[in-house]
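**Q** sequence plus the predicted model coming up.
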Amino acid sequence: MDRIFSGIQPSGEIHIGNYVGAIRNWVQLTNRYDCIYCVVDYHAITIEYDVEMMQRRILDTATILAACGLTPDKCMVFVQSHVPEHTELAWIFNCVTPIGELERMTQFKEKSKQHRQNINMGLLDYPVLQAADILIYKAGYVPVGEDQTQHVELSREVARKFNARYGETFPEPQVLLSTAPRIAGTDGNAKMSKSMNNAIGLLEPPEVIWEKLRTAATCEHRQRRSDPGHPEHCNIFTMHTAFSKPDQIAFVDHNCRTAGFGCIECKEILHKNMVEELSPIQARVREMNKKPEYIIDVLKSGASRCKAIAEKVMDEVRTKIGIKSEWL
Ligand code: TRP
């Protein structure tokens, strides 16, 4: 089976955009690929973060992954810093990566603007660590959103540069773009993000979700109940395509276009379907939080399985680059 690698930052609460765009897709991929999913704590420290909260966030993120179905019988889930070979390989990759390639990364430029007081080396080097994450497992496919395609391209370049200098070692990983709909923020902003206060959290109770949906932006052309709507311009409709069944999507589409119902009725149907999908996940999170040993065991076994692979590849890399000491 071909191998997949992807990572998720342990930063803040996971929202339905992350769930639909990434996690739900990751679960499906476990049927067809050998999948490795990683909570990338070393990436998270490249910007300001709350040191006291970090452990909690790592565990909460891993718990959500497991509750969504990413369990050890289906895939490997672990914490990046538990397999230090990632950072070791990143150093070696640093020595084949031109700085210019990193300086032109869109995410680096954006984050440098957002964090002017702290433009650190880690922020610049972020994509090299990401390349190491992927290549330490020789993964061929990387399921990520559009915003990460540039980073995956960089990892292809790193693989090429390494192979050219030291001999064929790494595959050139490819992006696996998800076909999942892109959910915008509840305020209509293109990006759903906790920091912009326009996100629906995966673990929020039904009443809170309802309040957010009730007041959420819809198709702006529909001001009165009698105006026909345009589902293709409506974020609520996009959410329907992510959470409702095909016949209901068709029903909603028709009633919106013909002003057969109002936005509130449309939102009520969505709310019901969303809560139906999220409740079992939330229940599993509550169960897991009652027995913290469970998720700790998941992460320990994930790390030991991944470390076994990573150690072998590091051994091969050390040999190839001429620093393996046979007498050690
Ligand atoms: N940069 C990714 C993001 O912010 C997270 C990530 C880190 C990742 N390492 C990775 C994704 C390796 C895919 C593969 O979403």
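**A** Yep, it's here.
**Q** which parts of the protein are strands?
**A** Counting by DSSP state E, one finds strands in the chain at the ranges 3-8, 34-39, 76-79, 141-144, 174-177.
**Q** for residue 9, give me its contacts.
**A** 39, 40, 43, 44, 61 (CB atoms under 8 Å, 6 or more residues apart in numbering). (Glycine included, C-beta is placed from N, CA and C.)
**Q** was I right to think the first one contacts residue 61?
**A** The one in question is residue 39. Yes. Taking CB atoms under 8 Å as the definition, residue 39 is a contact partner of residue 61 at 5.1 Å.
**Q** OK, contacts around the single nearest residue of the chain relative to the ligand?
**A** Proximity of the chain to the ligand (CB to the nearest ligand atom) peaks at residue 7, 3.0 Å away. Each residue near residue 7 by CB under 8 Å, 6+ apart is listed here: 37, 38, 39, 40, 43, 80, 130, 133.
**Q** quick revisit: including mean pLDDT, could the strands of the chain go into a markdown table?
**A** Output for those, formatted as a markdown table (pLDDT from 0 to 100):
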| stretch | mean pLDDT |
| --- | --- |
| strand 3-8 | 98 |
| strand 34-39 | 98 |
| strand 76-79 | 98 |
| strand 141-144 | 97 |
| strand 174-177 | 95 |
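**Q** which neighbours do residue 39 and residue 61 have in common?
**A** Overlap between the neighbourhoods of residue 39 and residue 61 consists of 8, 9, 10, taking contacts as CB under 8 Å, 6+ apart.
**Q** hang on, isn't the last one packed against residue 39?
**A** Yes. With the criterion set as CB under 8 Å, residue 10 and residue 39 qualify as a contacting pair; they are 5.2 Å apart.
**Q** name the nearest residue to residue 99, sequence neighbours excluded.
**A** Distances taken as CB to CB, 6 or more residues apart in numbering put residue 124 closest to residue 99, at 7.7 Å, once the chain neighbours are dropped.
**Q** what sits against that neighbour?
**A** By CB under 8 Å, 6+ apart, the neighbours of residue 124 are 99, 102, 103, 108.
**Q** picking up where we left off before, of all the shared contacts of residue 39 and residue 61, which comes closest to residue 190?
**A** Of all the shared contacts of residue 39 and residue 61, the one sitting nearest residue 190 is residue 9; the distance, using CB to CB, is 19.5 Å.
**Q** what sits closest to that closest one if chain neighbours are left out?
**A** In space, residue 9 is closest to residue 44, 5.0 Å off (CB to CB, 6+ apart).
**Q** and for residue 201?
**A** Using CB to CB, 6+ apart, the nearest residue to residue 201 is residue 13, at 4.8 Å.
**Q** can you give me the neighbour number for that neighbour?
**A** 15 (other CB atoms under 10 Å).
**Q** give me the local confidence score for it.
**A** Reported pLDDT at residue 13 in the predicted model: 83.
**Q** how close does it get to residue 193?
**A** If you measure residue 13 against residue 193 using CB to CB, to the nearest Å, the figure is 11 Å.
**Q** and residue 64, by the same measure?
**A** Residue 64 sits 17 Å away from residue 193, taking CB to CB as the criterion.
**Q** can you check residue 37 too?
**A** 21 Å.
**Q** neighbour count: these two, which is higher?
**A** Taking residue 37 and residue 193 together and counting by other CB under 10 Å, residue 37 has the greater number of neighbours (25 against 15).
**Q** quick one: residue 162 from residue 42, how far?
**A** Plainly put, residue 162 is 20 Å away from residue 42 if you go by CB to CB.
**Q** which of those two has more neighbours?
**A** Regarding residue 162 and residue 42, a neighbour count based on other CB under 10 Å identifies residue 162 as having more, with 24 against 19.
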